[in-house]
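Colleague: Any chance you could fold what I've pasted below:
(chains A and B)
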Amino acid sequence: MSAWLARRLAVSLLLVFVVTSTVFFLVRLAPGDPLHRMVDESLTDADRDLVRSRLGLDRPLAIQYLDWLGGIVRGDLGTSVKQHRPVADIVGEAVGPTLLLTTTAYVLHLLLAFGVGVTVAARRGTAWDHGLQTMGLVLYSLPSFWFGLMLIMLFARKLGWFPVGGMHAPDAEFLGPGARAVDVVHHLALPALTLGLGSFMGMARYLRARLDEILAEEHVLVARSRGIPEGRILWRHAVREALLPVITLVGLHLPFLIGGAVVVEVVFGWPGMGRVAVEALWARDYPVIVATTWIGACAVVLGSLLADIAYRWADPRLRHPGQGGP
Amino acid sequence: MIRRPRSLGSFPADAGFALSVLLVVLAVTAPWLAPGDPAALGEPGEELQPPSARHFLGTDQLGRDLLARLVHGSRVSLLVGWVSVVLSVLAGTAVGVSAGLGPRWLDRGLMIVTDAFLAFPRIFVVLLLVSLSRPSLLLVMGVLGLTGWMGLARLVRAETLSLKERDFVQAARGLGLSPWRVAAVHVLPHLTGTILVAASLRVGGAILAESILSYLGLGVQEPVVSWGAMIQQGRGVLLDGWWLTTFPGLALTLTVLGYNLLGDGLRARFEPRGGRRTDHG
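Modeller: From the prediction side, this is the model:
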């Protein structure tokens, strides 16, 4: 296992490195640079060249790349061209909100997936089954940004139950810690709902298919013939068995949720990584673009690594040959 | 225990098929079907009108008829959805079949490339590539196609590897048929179902991706009409112009739903769930 893990880790690190380096060159080789997006009539071409050389953008690409690599080794992600602040600060401030949003949405996603998956598996072929499946497919087809806008329209603008966007009320600084937390939750509700509701169906279907298979197995048949109630069979036998493979899926969902979060963050003005990334793209803010892609790549690679580890851990044949479960 | 052969009845699949066909018809006949020119400015005073008998879905801030714009918007969605998926399918199938049938080094090399592509966080890369040059329809289709083939490549490779062990493929290879011929005559026809299902399930996703790009202002530009851009246009008047956001979103949802239902129905047909286990196991 440890040799496998070491190899897997090495490959992951290499992939992240390749992805980040590719993006580094891609943004610099594309036409246009940060100066193009700074619309200021008073800037002459000479001024622009001065700014470029101060930012080090006039140096050969290879030198810029080596410089950037040296910075990474020292833990320095560079300075934002637009905000004139260390990239590490900008990204560091955004990681927390994104994690808060994605984990909340993921918990919601899991609860819904389990609720719907088990309900549907227990009522195969009934109106419940078809109704929930169709509804799930409708939710799955909803464009998340539009769904978010609809929620804003109804619950924020029309009814005024939730704030329109952002993470804190304007007066949040003056609130006590308890009231501040409530304020954040209040702001979190709509974006988390948008993200969680749009994505749970895939897992619900997977769970249902697994439960379908398990419920047709012999040990379930035996349990049924012994007169064990159907609900107990479902929860004690089937759900427990279906749980492990679902856990292995968590890792694979990570990049998916982060990807979805980009759009949701933009719609709700949530101060997370996705919004930072989109704003950096607009401003052609090289160091911030590279840093956000780096974090995105880390999330993707880490997710699939976790999935592999969980899969090995969950499958006893790969872990300890010969040792059965209880 | 008797197992139902399909998880979904055939009604949703039929509905999906009908929706998809209806949409193609709509997109093709848009210039004749739409009530007027989507770019025609209305009379003064016709700006931001709610739905009425004169404008069934109302007008936008420039007095343009929303229904006409909605009908024309279907063209971009469908075009991007289909072209980008065809690109991904071509690339994914080529990579998957080559990896499955080719020599070991080719398989390993192609899978490393696939893994590398998979390691890119897709939405970041799509946004990055699209934002790097002037937004256009071709760019959007190319980028979505280029970033969408990896899953299919893995799927096709796995299927190809299992087909490779089957007697008829072994026989064809044993007879000395060229790899191209084996791939074209003996492997590809058996992959049709898998590819068809994957493609139809992906069209919806590609249409969603296009709408996100357009919403962020990175997709096709005016005067070409796109649903994502229309939703963005209504963002500033959520309450006073609710129809501007609501209707394009509904159209988008219905379209994506149609393709998802269709893909689902096709999957139920081509890969009856659980059938394999009891048939072969």
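Colleague: Could you check whichever helix or strand A:Met135 is part of against chain B for contacts?
Modeller: Element membership of A:Met135, judged by DSSP states H and E, is helix A:127-141. Yes. If you take CB under 8 Å from any CB of the partner chain as the test, helix A:127-141 does meet chain B, through A:130, A:133-134, A:137-138, A:140-141. To be clear about C-beta, it is placed using only N, CA and C from the backbone, and glycine gets the same treatment.
Colleague: Which strands or helices does whichever helix or strand comes after that helix pack on?
Modeller: Downstream of helix A:127-141, the first helix or strand assigned by DSSP H and E is helix A:144-151. With contacts taken as 3 or more CB pairs under 8 Å, 6 or more residues apart in numbering or on different chains; DSSP states H and E, helix A:144-151 sits against helix A:177-215, helix A:240-268, helix B:188-215, helix B:227-234, helix B:242-270.
Colleague: Where does the stretch 151-300 of chain A get nearest to chain B, which residue?
Modeller: A:Gly296 (3.2 Å; CB to the nearest CB).
Colleague: which regions of the chain sit below the pLDDT cut-off?
Modeller: Picked chain A for this. A:1, A:32, A:36-42, A:245, A:247-248, A:314-326 (pLDDT under 70).
Colleague: oops, chain B please
Modeller: In chain B, residues with pLDDT under 70: B:1-10, B:271-281.
Colleague: Wait, B:Glu210 touches B:Ala229, no?
Modeller: No. With contact defined as CB atoms under 8 Å, B:Glu210 does not reach B:Ala229; the gap is 10.2 Å.
Colleague: Now the common contact residues for the two.
Modeller: B:Gly219 (CB atoms under 8 Å, 6 or more residues apart in numbering or on different chains).
Colleague: of those two, who's got more company?
Modeller: Just comparing B:Glu210 and B:Ala229: by other CB atoms under 10 Å in any protein chain shown the higher neighbour count belongs to B:Glu210, 27 against 24.
Colleague: Find the nearest non-adjacent residue to the residue of the stretch 151-300 of chain A closest to chain B, please.
Modeller: B:Pro121 (3.2 Å; CB to CB, 6 or more residues apart in numbering or on different chains).
Colleague: how about that neighbour, phi and psi?
Modeller: phi -70, psi 110 (degrees, to the nearest 10).
Colleague: Report the closest residue of the stretch 101-250 of chain B relative to chain A.
Modeller: Counting by CB to the nearest CB, the stretch 101-250 of chain B gets nearest chain A through B:Pro121, at 3.2 Å.
Colleague: how close does that residue get to B:Leu161?
Modeller: In this view, B:Pro121 and B:Leu161 are 28 Å apart by CB to CB, to the nearest Å.
Colleague: swap in A:Gly202?
Modeller: For A:Gly202, the distance to B:Leu161 - CB to CB - is 25 Å.
Colleague: A strand includes B:Ala184, no?
Modeller: No. Going by DSSP: H, G, I helix; E, B strand; the rest coil, the assignment for B:Ala184 is helix, not a strand.
Colleague: quick one: stretch B:145-162 to chain centroid distance?
Modeller: How far stretch B:145-162 lies from its chain's middle: 16 Å, per CA atoms, centre = their mean, to the nearest Å.
Colleague: Same question for stretch A:239-257: list its buried residues.
Modeller: A:239, A:241-242, A:246, A:248-257 (16 or more other CB atoms under 10 Å in any protein chain shown).
Colleague: Which members of those additionally contact chain B?
Modeller: Counting by CB under 8 Å from any CB, the members of the buried residues of stretch A:239-257 near chain B are A:Pro255.
Colleague: Show me how chain A divides into domains.
Modeller: Following automatic domain parsing, one finds the domains of chain A at A:2-74, A:91-319.
Colleague: Using TSV, lay out the helices and strands packed on helix A:144-151 together with distance to A:Pro86.
Modeller: TSV is the format used below for those (distance: least, CB to CB, whole Å):
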stretch	distance to A:Pro86
helix A:177-215	25
helix A:240-268	21
helix B:188-215	30
helix B:227-234	32
helix B:242-270	38
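Colleague: what's the closest of these to A:Val23?
Modeller: Closest approach to A:Val23 among these is made by helix A:240-268 (15.4 Å; CB to CB).
Colleague: Now do the same contact list for B:Ala27.
Modeller: In this structure, B:Ala27 makes contact with B:74-75, B:77-79, judged by CB under 8 Å, 6+ apart.
Colleague: next one: B:Leu252
Modeller: A:143, A:146, B:77, B:207-208, B:211, B:227-228, B:231.
Colleague: Compare those and tell me which has the most neighbours.
Modeller: For those, neighbours tallied by other CB under 10 Å; top is B:Ser211, 33 neighbours.
Colleague: right, and that one touches B:Trp227 too?
Modeller: Yes. The criterion here is CB under 8 Å, and B:Ser211 meets it with B:Trp227 at 5.5 Å.
Colleague: any residues in contact with both of the two?
Modeller: Joint contacts of B:Ser211 and B:Trp227 (CB under 8 Å, 6+ apart) are B:77, B:252.
Colleague: quick one, what contacts B:Ser136?
Modeller: B:220-221.
Colleague: Look up the closest residue to the most centrally placed residue in chain A, ignoring the ones flanking it.
Modeller: By CA atoms, centre = their mean, the mean C-alpha position of chain A lies nearest to A:Ile258, the distance being 1.9 Å. Counting by CB to CB, 6+ apart, A:Ile258 lies nearest to A:Ala299, which is 5.1 Å off, once chain neighbours are set aside.
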